[in-house]
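Trainee: Pasting the sequence and the predicted model now:
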Amino acid sequence: MSLQTISQERAKHALAAIKNWEDKNPSDQKELKTYVVGIPAMILMSGFGQTCAFYKSKGKNHEVVLQALQDWLKKGDIISFITKASAQEYQLAEAESLEYLNWLKKFAKAYLKGDE
């Protein structure tokens, strides 16, 4: 059994999420790609909690992207986590989210249809 770096684990999880989305119709793929590309900047501009709440409130494909992030973080319901976490837990989750979303964004650009 070989050990993988945390970056490899992030990449593996992100790629699996993107591969699941490849079965969606082209307009959904385009939306997902747009939302994945935009979420890191939105976190940096508006904050982690506010961005997660926005994506949750929008539903549909926004929530699909949020679900991939939530699955990676393994904190249960992400909105509940945000409201209960300590400042340190919150900051660590935000930093980890940005690292994970970097991979998700790269794979979305590589595999999903829309705005090639």
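Mentor: It's in.

Trainee: Which residues does the helix ranked longest in the chain contact?
Mentor: Counting residues, the longest helix found in the chain (DSSP state H) is helix 87-111. Here helix 87-111 makes contact (CB atoms under 8 Å, 6 or more residues apart in numbering) with 7, 10-11, 13-15, 17-19, 22, 32-33, 36-37, 39-40, 43-44, 48-49, 65, 68-69, 72-73, 75, 81-82, 85. For every residue, glycine as well, the C-beta is placed using N, CA and C.

Trainee: mind running it again at 6 Å?
Mentor: 10-11, 14-15, 18, 33, 36-37, 39-40, 48, 69, 72-73 (CB atoms under 6 Å, 6 or more residues apart in numbering).

Trainee: Please, which helix or strand holds the residue positioned nearest the centre of the chain?
Mentor: Taking CA atoms, centre = their mean, the centroid of the chain lies closest to Leu69, which sits 3.7 Å from it. Following DSSP states H and E, one finds Leu69 within helix 60-73.

Trainee: mind listing what's buried in that helix?
Mentor: Asn61, His62, Val64, Val65, Leu66, Ala68, Leu69, Gln70, Trp72 (16 or more other CB atoms under 10 Å).

Trainee: list the helices and strands the next helix-or-strand element following that helix packs on?
Mentor: Proceeding N to C from helix 60-73, the next assigned helix or strand is helix 78-84, under DSSP H and E. When contacts are defined as 3 or more CB pairs under 6 Å, 6 or more residues apart in numbering; DSSP states H and E, helix 78-84 packs onto helix 48-58.
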